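> Mind looking at a prediction? Sequence and model below.
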Amino acid sequence: MTTSTALLLADLTGVAVFAASGASAAVVKRLDLFGVVFVGVVAALGGGIFRDLVIDEVPPLAFADWRYAVTAAVVAAVVFRLHPQLARLRTAVLVLDAAGLALFTVTGTLKALDAHVPAVGACMIGMLTAIGGGLGRDLLTGEIPVVLRREIYAVAALAGSIVVALLSTYGQATATTLTGAAVFVFGLRLISLRRRWSAPVATLRPPRTGARGPEW
């Protein structure tokens, strides 16, 4: 299997799991069939479209290659059809989202590196590719985007993109090591949910008597 074929398969797998994640979230919000498919497609393709525009690959693969849009739409429609059989949808959404985060982190960073983007920029592109779909999904379903919450989400993607960039820099970017990088992101995201890890947040303290404003 060539590198390009492996990247395509990983990309389409990421599209499928993010489409399922978006569609599951839309089902929870009781959207109709069109709404479920639309949210699924946005969740699946949003990050990839951003990535391709940034690295000047136009038109983006989501528009140029029919397999991307068809994969997203079909998976979202299947989730809509089978949702009565899907127990614990919230858990399913979280697991699928973690899988999509991991896959898009790896493929986004690799594509940026292949486009000769410097390592630091490639890491940023990889992270934004991974979180873009989830951001669109949350906005469309009326949720505070998970990337803006205390949870370890964008941090997991950034850590994974750094691992991918280091592997590529030192010539160790093989199928096995890249799979390991994806597993690392997936595991970090799920463990952070399980253990309730979170990034620090600013805490508002009650103002003191005579103070002019809130203290941080």
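Yep, that arrived. Residues are numbered from 1 along each chain as shown.

> Now do the contacts for the residue nearest to residue 58 when sequence neighbours are not counted.
Excluding the flanking residues, the one nearest residue 58 by CB to CB, 6 or more residues apart in numbering is residue 52, at 7.0 Å. C-beta coordinates here come from the backbone N, C-alpha and C atoms, glycine included. Applying CB atoms under 8 Å, 6 or more residues apart in numbering to residue 52 gives the contacts 58-62, 111.

> Tell me which of those residues fall in helices.
Within these, residues falling in helices by DSSP state H are 61-62, 111.

> Residue 145: which of these is nearest?
residue 62 (20.4 Å; CB to CB).

> quick one: secondary structure of the nearest residue to the closest one once chain neighbours are set aside?
In space, and not counting its chain neighbours, residue 62 is closest to residue 45: 4.1 Å by CB to CB, 6+ apart. Assigned by DSSP: H, G, I helix; E, B strand; the rest coil, the conformation of residue 45 is helix.

> Check whether residue 45 really touches residue 72, as I assumed.
Yes - with contact defined as CB atoms under 8 Å, residue 45 and residue 72 form a contacting pair (5.9 Å).

> So for those two, which residues contact both of them?
residue 15.

> ok, back up a step: please identify which of the ones in helices among the contacts of residue 52 is nearest to residue 157.
Lowest distance from residue 157 to the ones in helices among the contacts of residue 52 (CB to CB) belongs to residue 111, with 14.5 Å.

> how near is that closest one to residue 125?
Per CB to CB, to the nearest Å, residue 111 is found 8 Å from residue 125.

> overlap in contacts of these two?
What both residue 111 and residue 125 touch, as defined by CB under 8 Å, 6+ apart, is the set 51, 55.

> Under the pLDDT cut-off, which ranges of this structure? List them.
Applying pLDDT under 70 to the chain picks out residues 1-3, 84-90, 150, 202, 204, 206-216.

> go again using 80 as the cut-off
When residues are selected by pLDDT under 80, those of the chain lie in 1-7, 10-11, 83-94, 96, 146-151, 196-216.

> hmm, back to that, the residue nearest to residue 62: neighbouring residues, count only.
As a burial measure, residue 45 scores 27 neighbours (other CB atoms under 10 Å).

> Could you list which residues are in contact with it?
Counted by CB under 8 Å, 6+ apart, residue 45 has contacts 15, 62, 68-69, 72, 133.

> what about 7 Å?
With contact taken as CB atoms under 7 Å, 6 or more residues apart in numbering, residue 45 is in contact with 15, 62, 68-69, 72.

> Output the contacting helices and strands for the helix or strand hosting residue 24.
Secondary structure from DSSP states H and E places residue 24 in helix 3-28. When contacts are defined as 3 or more CB pairs under 7 Å, 6 or more residues apart in numbering; DSSP states H and E, helix 3-28 packs onto helix 33-54, helix 66-82, helix 89-114, helix 119-140.

> I'd like the distance from that helix to the chain centre, please.
9 Å (CA atoms, centre = their mean, to the nearest Å).

> just the angle between that helix and helix 66-82, please?
Put simply, helix 3-28 runs at 30 degrees to helix 66-82, going by axes from the mean of the first three to the mean of the last three CA atoms, to 10 degrees.

> Mind listing what's buried along stretch 100-114?
100-113 (16 or more other CB atoms under 10 Å).

> now stretch 112-121
Result for stretch 112-121 [16+ other CB under 10 Å]: buried residues 112-113, 115, 117, 119, 121.
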